[in-house]
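Colleague: prediction below, plus the sequence it came from.
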Amino acid sequence: MADKIKDAKIIFVVGGPGSGKGTQCEKVVAKYGYTHLSSGDLLRAEVASGSERGKTLQAIMQKGELVPLDTVLDMIKDAMIAKADVSKGFLIDGYPREVKQGEEFEKKIGAPCLLLYIDAKGETMVKRLMKRGETSGRADDNEETIKKRLDLYYKATEPVITFYTSRGIVRKIDSELPVDEVFGHVAKAIDDLK
Ligand SMILES: Nc1nc2c(ncn2[C@@H]2O[C@H](COP(=O)(O)OP(=O)(O)OP(=O)(O)O)[C@@H](O)[C@H]2O)c(=O)[nH]1
Ligand SMILES: Nc1ccn([C@@H]2O[C@H](COP(=O)(O)OP(=O)(O)O)[C@@H](O)[C@H]2O)c(=O)n1
Ligand SMILES: [Mg+2]
């Protein structure tokens with residue numbers, strides 16, 4: 001496994017709930033052909049399958065809390081293995097959520113070459129999520145859960161950015177701009193890898 005994905009680029013995409021991680025990842029896939037793995041989407045797929053594990057996950061996600069580290073990491077790892085032969089690079093969206101998640105990822109899979117820090121103001125994120133909630137059908141796109149996700153982001157996930165900043169791989173992207181301008185900065189960060 002470690003061998004198989006040794007040469008693939010690994011990019012962490014980190015930012016608050018509703019900051020625009022998924023939106024930017026979609027555009028990266030279109031331009032660069034990278035493999036997009038959203039940890040939230042993987043978890044939601046497990047919930048949708050109706051499995052026992054999915055039921056446990058649903059309760060946690062509904063509350064805006066973090067699911068156990070091993071659960072998410074195993075899902076990401078399986079998804080990476082499945083694509084290892086064809087992938088030029090991996091966008092790991094919504095992970096790590098806490099420093100420990102990053103450390104375990106590196107032990108079991110490998111080191112990221114870049115962390116895209118998608119940055120928007122708290123009030124912007126809440127506004128976007130309330131709007132998305134009108135149509136997303138996501139059980140966690142409601143005012144109460146959004147607030148909890150945001151609190152947890154500031155408490156647990158921002159330290160992740162500090163941690164990788166000290167390693168010199170963080171590119172902070174202003175996500176208050178229109179989507180295409182934000183993407184211009186994202187693309188620049190990726191082009192600078194080469
Ligand atoms: N104006 C503006 N809206 C954006 C931008 N990026 C995303 N949005 C909107 O904000 C909402 C959230 O964007 P997502 O890409 O789903 O955000 P996310 O970071 O993946 O959010 P989670 O899945 O909750 O982690 C969507 O409804 C987007 O249309 C942006 O750069 N500018
Ligand atoms: N690495 C992860 C990713 C998501 N999750 C859970 O899945 C939910 C949705 O994640 P997401 O990345 O789609 O959305 P945001 O919370 O970033 O808006 C989170 O609120 C957590 O409950 C997690 O526990 N660990
Ligand atoms: Mg998302």
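Modeller: Done, it's in. No experiment lies behind these values; they were computed from the predicted model shown. Numbering: from 1, shown residues only. Ligands and ions are numbered 1, 2, ... in the order given.
Colleague: number of nearby residues for S19?
Modeller: 26 (other Cβ atoms under 10 Å). Every residue, glycine included, has its C-beta placed from N, CA and C.
Colleague: let me see the contact set for it.
Modeller: For S19, the contact set (Cβ atoms under 8 Å, 6 or more residues apart in numbering) comprises I118, D119, A120, M125, S175.
Colleague: closest to ligand 1 among the residues you listed?
Modeller: Nearest to ligand 1, judged by Cβ to the nearest ligand atom, of the contacts of S19 is S175 at 5.0 Å.
Colleague: mind checking how far the most far-flung residue of the chain relative to its centre is from L42?
Modeller: No residue in the chain sits farther from the centre than E52, which is 24.3 Å out by Cα atoms, centre = their mean. To L42, E52 is 17 Å away according to Cβ to Cβ, to the nearest Å.
Colleague: now I76
Modeller: Applying Cβ to Cβ to I76 and L42 gives a distance of 7 Å.
Colleague: what about these two, which has more around it?
Modeller: Between I76 and L42, I76 has the larger neighbour count (other Cβ under 10 Å), namely 22 against 19.
Colleague: ok, back up a step: pipe the contacts of S19 into TSV and attach distance to I11 per row.
Modeller: Shown next, in TSV, are the contacts of S19 (distance: Cβ to Cβ, whole Å):
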residue	distance to I11
I118	12
D119	16
A120	19
M125	21
S175	16
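Colleague: next step: these restricted to helices.
Modeller: Using DSSP state H, the members of these that fall in helices are M125.
Colleague: burial count for A120?
Modeller: 22.
Colleague: pipe the contacts of S19 into a markdown table and attach pLDDT and distance to S38 per row.
Modeller: Rendered in a markdown table, the data for these read as follows (pLDDT from 0 to 100; distance: Cβ to Cβ, whole Å):
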| residue | pLDDT | distance to S38 |
| --- | --- | --- |
| I118 | 98 | 13 |
| D119 | 98 | 18 |
| A120 | 98 | 17 |
| M125 | 98 | 17 |
| S175 | 98 | 16 |
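Colleague: burial of the residue lying closest to I146 once chain neighbours are set aside, as a residue count?
Modeller: Counting by Cβ to Cβ, 6 or more residues apart in numbering, L129 is the residue found nearest to I146 once chain neighbours are left out, at 5.0 Å. By other Cβ under 10 Å, the residues close to L129 number 23.
Colleague: again with P112
Modeller: Counted by other Cβ under 10 Å, the residues lying close to P112 total 23.
Colleague: from M61, how far out is it?
Modeller: 24 Å.
Colleague: how about whichever residue of the chain sits closest to ligand 2, secondary structure?
Modeller: Residue nearest to ligand 2 within the chain (Cβ to the nearest ligand atom): G40, separated by 1.9 Å. Secondary structure for G40, judged by DSSP: H, G, I helix; E, B strand; the rest coil, is helix.
Colleague: and if you look at V13?
Modeller: Here V13 is recorded as strand under three-state DSSP.
Colleague: could you give the bridge partners of it?
Modeller: V13 has these beta-bridge partners by DSSP bridges: D93, L116.
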